[in-house]
Structures are given as C-alpha cells and as structure tokens.
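*Asks:* Coordinates only, no sequence provided:
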DNA sequence: TCTACGATTTACT
DNA sequence: GTAAATCGTAGAA
C-alpha cells in the first residue's frame, strides 16, 4: 500500500504537463487552440474551448510587457516557468488572462483572447449581466475574464496542478484550420506590431474580430 | 511623489 | 462610427 498522496491524480491525466508549457509562446499559442479552459467556481464547473490566442515572445518582443528584460511587480509572473497564469488589469477596467510559457526567467506568455462556452453557460450569464448574444459573452480577453470570474487574485496561479483554473485536453481531435493575424492593440510595438502572432480557429464564430 | 497611458469594453450618436 | 469609463503600473522627476 502506497502512502496517500503518492497515487497519480486521475484528474491530472487529462491535463498538459509543465513540459508542454515550457516551450516558445508561438508554439503553445497554436497548440492550445481547440482545447479546454476550465474554471471551477463554488462547485460549478465552467468548460470553454480556446478559439483565439496571441503570443508574446520574451525580451526581444517589443509588444511584450517584459521586453528589454523589464522585470517589475506586474511582469514578475512572466518570469515563472511555463504553466502559470499571468493576469493583469488593462485600462483600469478589464483583466487579461495569459498562460506563461517557456522556461523560468524567459518571459513568454500566451494571451487568451476568446473562448467558446461549452458548459456552465448559466454561471457565465450570471457573470455577464445584460449581454444577450451568446458569442458576445466571451469573445474578447476582458469579456472572458468577466465570464469566468478571473481577476488579479489568480495571477501566478498554477494551471498545471490547480483546481480552480486549468487547461484540459480535448479528447476529440477536432479538425480546423488556424488563421494567423496581427496582434491587436499594440501600436507601440514598432516592427513587432505587424508580426502574425495572433492565432485563431478559422471556422469559429466566437473569435473577437475577423 | 507625479503623470501619462494601456494585450479593452460598452454605451452612446 | 466615436467617446467615456477607470486605476495600477512604469518611468520620469
């Protein structure tokens, strides 16, 4: 009999390992499309499918908060190893959820820009009062944070082992094409603002902008 | 300390 | 289509 706590956790089988996240943001941003972002909120399980992402690729990327190796209170989370959450407030109003990628001290991250609600729609609607159309509930980084009740308290959250917010593998292997486009809202990023580092599922009606 | 502004959303005209 | 909302962070002083 093994001592308790050493059994492999069955819940973790459907998860991605740290290795999966400890790669270039550009790779991870594509590989997580079609997989699940799950939020457990007072006993309710919200399941969504990731349909749109953006990659922010470390110290050389002028669009990245950590470009030039800027290491501040806000960017600290990006220096964690891949698999942690980086959450921050934009425009004083909206939270953005990122997944930290790459090895420790290499500050890459993938911004989740849009998801498709699959389960827990009732809870999502409760979190998004006044929004009528289903696709308007989660088709933007700030919108999906509201819908899944994600705020700064989830900054640096462990998405590999955590129970409240995590990614789950889609057991089906959905077939879709990936569109590459310019990242949104980073006009200050010089030559990097035109990089096609925004990725989304072509057929999805849930992406933020076409 | 002080100031400018942002990985956006919403409600207007 | 345009503009207001709203506040923590970054960088300068």
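*Replies:* Done, it's in. Bear in mind that the values here come from a model prediction, so they are computed numbers and not experimental data.
*Asks:* can you map out the strands along chain A?
*Replies:* A:36-41, A:44-57, A:85-90, A:94-101, A:108-119, A:165-168, A:178-181, A:198-201 (DSSP state E).
*Asks:* do you know which of those strands lies nearest DNA strand B?
*Replies:* Checking the strands of chain A against DNA strand B by C-beta to the nearest atom of the strand gives strand A:44-57 as the closest, at 3.3 Å. C-beta coordinates here come from the backbone N, C-alpha and C atoms, glycine included.
*Asks:* Touching stretch A:141-152 from outside, list them.
*Replies:* With C-beta atoms under 8 Å, 6 or more residues apart in numbering as the test, stretch A:141-152 has contacts from A:37, A:39, A:41, A:46, A:48, A:87-90, A:93-97, A:111-115, A:117, A:124, A:127-128, A:136-138, A:165, A:208.
*Asks:* The residues you listed: which ones sit near DNA strand B?
*Replies:* Among the contacts of stretch A:141-152, the residues within reach of DNA strand B (C-beta under 7 Å from any atom of the strand) are A:88-90, A:93-94, A:96, A:111, A:128, A:136, A:208.
*Asks:* Let me have those residues in TSV, adding neighbour count as columns.
*Replies:* What follows is these, written out as TSV (neighbours: other C-beta atoms under 10 Å):
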residue	neighbour count
A:88	16
A:89	15
A:90	12
A:93	8
A:94	14
A:96	20
A:111	21
A:128	17
A:136	13
A:208	19
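*Asks:* which intervals of chain A have sub-threshold pLDDT?
*Replies:* The model of chain A has pLDDT under 70 over residues A:1-11.
*Asks:* just the helices in it please.
*Replies:* Taking DSSP state H as the criterion, chain A carries its helices at A:18-21, A:25-31, A:121-127, A:141-147.
*Asks:* Can I get the ones you listed in a markdown table including mean neighbour count and distance to residue A:77?
*Replies:* As requested, those are arranged in a markdown table below (neighbours: other C-beta atoms under 10 Å; distance: least, C-beta to C-beta, whole Å):
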| stretch | mean neighbour count | distance to residue A:77 |
| --- | --- | --- |
| helix A:18-21 | 17 | 13 |
| helix A:25-31 | 22 | 14 |
| helix A:121-127 | 17 | 23 |
| helix A:141-147 | 23 | 15 |
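*Asks:* Pretty sure residue A:17 sits against residue A:161.
*Replies:* No: Residue A:17 is beyond contact range of residue A:161, at 10.5 Å (criterion: C-beta atoms under 8 Å).
*Asks:* about what we covered before: out of the helices of chain A, flag the one nearest residue A:61.
*Replies:* Minimum separation from residue A:61 across those (C-beta to C-beta) falls at helix A:25-31, 8.6 Å.
*Asks:* chain center to that closest one, what's the gap?
*Replies:* On the basis of C-alpha atoms, centre = their mean, to the nearest Å, helix A:25-31 is displaced by 11 Å from the centre of the chain it belongs to.
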